[in-house]
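J.: Task: produce atomic coordinates for the following.
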Amino acid sequence: MDQGTKLIYVADDDDNIRQVVKTFLSSDGHRVEDFPTGDLLLERFRQQPCDLAILDVMMPGSDGFAICTALRGLSTVPIIMLTARDSENDYAMGLGLGSDDYITKPFSAMALLMRVRAIFRRIDFESRKHVPETPAAVRVGKLTLDEDKRHILSGEKALALTPTEYEVLKYLMLHAEQAVSRDELLNTVWGFESVVETRATDDTVRRLRQKLGGSGVSIAAVWGYGFRLEETK
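T.: Numbering: from 1, shown residues only. I've put the predicted structure just below:
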């Protein structure tokens, strides 16, 4: 599967981990630059944005959460967090700050590569696909989905969405007023089943709710099942 060469930045203070990750991603055809601190990655990103950032949480200087926040202030670039701490609070914090995935150490380099492929596959597929039966623009409330430009407008203003947030909101818009299960979102948006916890959907929806003020829509929880995008009265 050729998804094209992507520029990937990796920040981890463990030299061995950086080298293994760099080797696997480079062998998959990507350009990879690695950094021993997140601050150096952020400095490089300001000079040249990348297509994907992989951040360790515990690093000298600014930790991965702080770097994730800084990157989100600059871009919607996909972000994968790495951590040695198997904590639900860390997991929730990473997703809450806008990361697209979260992997706990020790991890398989191949598993990380599959996550990277899934993110790029989803982005590339959405940018290339043409679905004749789906109109170019879909409107729900004051939201307008333009798949050709890959953005969602609230009124006349484009929402600042990460790739994952865009995919979740797009799916909910295409199924407006319908109940969508968490498993359905996990399989469709993340491309995983049991590998990704349902907490990922909840945290992504929570971030979307914060961005939908004044849009004329809301994301309602369907107890024990999932979510439904509704127009507000």
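
J.: got the domain boundaries for this protein?
T.: In terms of domains, the chain is parsed into 7-127, 131-231 (source: automatic domain parsing).

J.: okay if I get the ones you listed as CSV plus mean pLDDT and mean neighbour count?
T.: Every C-beta, even on glycine, is put in place using the N, C-alpha and C of the backbone. Output for those, formatted as CSV (pLDDT from 0 to 100; neighbours: other C-beta atoms under 10 Å):
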stretch, mean pLDDT, mean neighbour count
domain 7-127, 85, 18
domain 131-231, 81, 16
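
J.: any idea which helix or strand comes after the biggest helix by length in the chain?
T.: If you go by DSSP state H, the chain has its longest helix at helix 109-128. Sequence-wise, the next helix or strand downstream of helix 109-128 (DSSP states H and E) is strand 137-140.

J.: And the contacts of that next one?
T.: Contacting residues not belonging to strand 137-140 are listed as 144-147, 173-174, 176, 216-217, 229, 231 [C-beta atoms under 8 Å, 6 or more residues apart in numbering].

J.: ditto for stretch 20-28
T.: 8, 10, 12, 32, 34, 54, 109-110, 112-113, 116-117.

J.: that older thread, any idea which of the contacts of strand 137-140 is closest to residue 121?
T.: Distance to residue 121, by C-beta to C-beta, is smallest for residue 147 among the contacts of strand 137-140, at 16.7 Å.

J.: shouldn't that closest one be in contact with residue 170?
T.: Yes. Using C-beta atoms under 8 Å, residue 147 makes contact with residue 170 at a distance of 7.4 Å.

J.: Next, the contact list for the residue nearest the centre of the chain, please.
T.: With distances taken as C-alpha atoms, centre = their mean, residue 100 lies nearest the centre of the chain, 2.9 Å away. Taking C-beta under 8 Å, 6+ apart, we find residue 100 in contact with 78-80, 119, 162-164.

J.: Could you grab the helix/strand/coil label for the nearest residue to residue 75 once chain neighbours are set aside?
T.: With C-beta to C-beta, 6 or more residues apart in numbering as the criterion, residue 75 has its nearest non-adjacent residue at 5.8 Å, and that residue is residue 49. Three-state assignment for residue 49 (DSSP: H, G, I helix; E, B strand; the rest coil): coil.

J.: where does residue 49 fall, phi/psi-wise?
T.: When read as degrees, to the nearest 10, the backbone of residue 49 gives phi -60, psi 150.

J.: Now do the same contact list for it.
T.: For residue 49, the contact set (C-beta under 8 Å, 6+ apart) comprises 74-75, 77.
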